[in-house]
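> could you work out the structure for the sequence below:
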Amino acid sequence: MTELMRTNDLVLISAVEALLGGAGIDCMVADQHMSVLEGSVGVLPRRVLVTDDDLKRARRLLADAGLGHALPPG
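The predicted model follows:
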């Protein structure tokens, strides 16, 4: 699995999961339960992971959907 993006924005994560799922791209959100350690403040970002084979297609999908600003460079 490769990191597609990292964010604290839970709404953005939900939108990304829906877009990827609709395109048949499996993803996993890592670090969801870190709030237990941080005290539910929301300072630790969650990571959206996709398979190496789907990374390029997932990046293109998010860019086409107007979410390219949330992607790391590269």
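
> what about the residue nearest to G21 when sequence neighbours are not counted, how many neighbours?
Excluding the flanking residues, the one nearest G21 by CB to CB, 6 or more residues apart in numbering is C27, at 7.6 Å. (Each C-beta comes from the backbone N, C-alpha and C, glycine too.) Per other CB atoms under 10 Å, the neighbour tally for C27 reads 20.

> equivalent analysis for the one 5 residues further on, please.
Counted with other CB under 10 Å, the neighbours of Q32 add up to 12.

> distance check, it against P45.
For Q32, the distance to P45 equals 11 Å [CB to CB, to the nearest Å].

> surely the residue nearest to G21 and L61 touch.
No: in this structure C27 lies outside contact range of L61 using CB atoms under 8 Å: 10.9 Å.

> now do the SS call for L61.
helix (DSSP: H, G, I helix; E, B strand; the rest coil).

> neighbours of it, how many?
18.

> before we move on, what about R57?
Residues within reach of R57, counting by other CB under 10 Å, total 14.

> which helix or strand contains the most centrally placed residue in the chain?
In the chain, the C-alpha nearest the mean C-alpha coordinate belongs to V48, at 3.0 Å (CA atoms, centre = their mean). For V48, the element it lies in under DSSP states H and E is strand 46-50.

> just the CA atoms of that strand, as PDB, please.
This file holds the C-alpha atoms of strand 46-50, laid out as PDB (Å, rounded to 0.1, in the frame of the first residue of the first chain):
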ATOM      1  CA  ARG A  46      -5.100  10.300   8.800                       C
ATOM      2  CA  ARG A  47      -3.600   8.600   5.700                       C
ATOM      3  CA  VAL A  48      -5.500   7.300   2.700                       C
ATOM      4  CA  LEU A  49      -3.600   4.300   1.200                       C
ATOM      5  CA  VAL A  50      -4.100   2.600  -2.100                       C
END
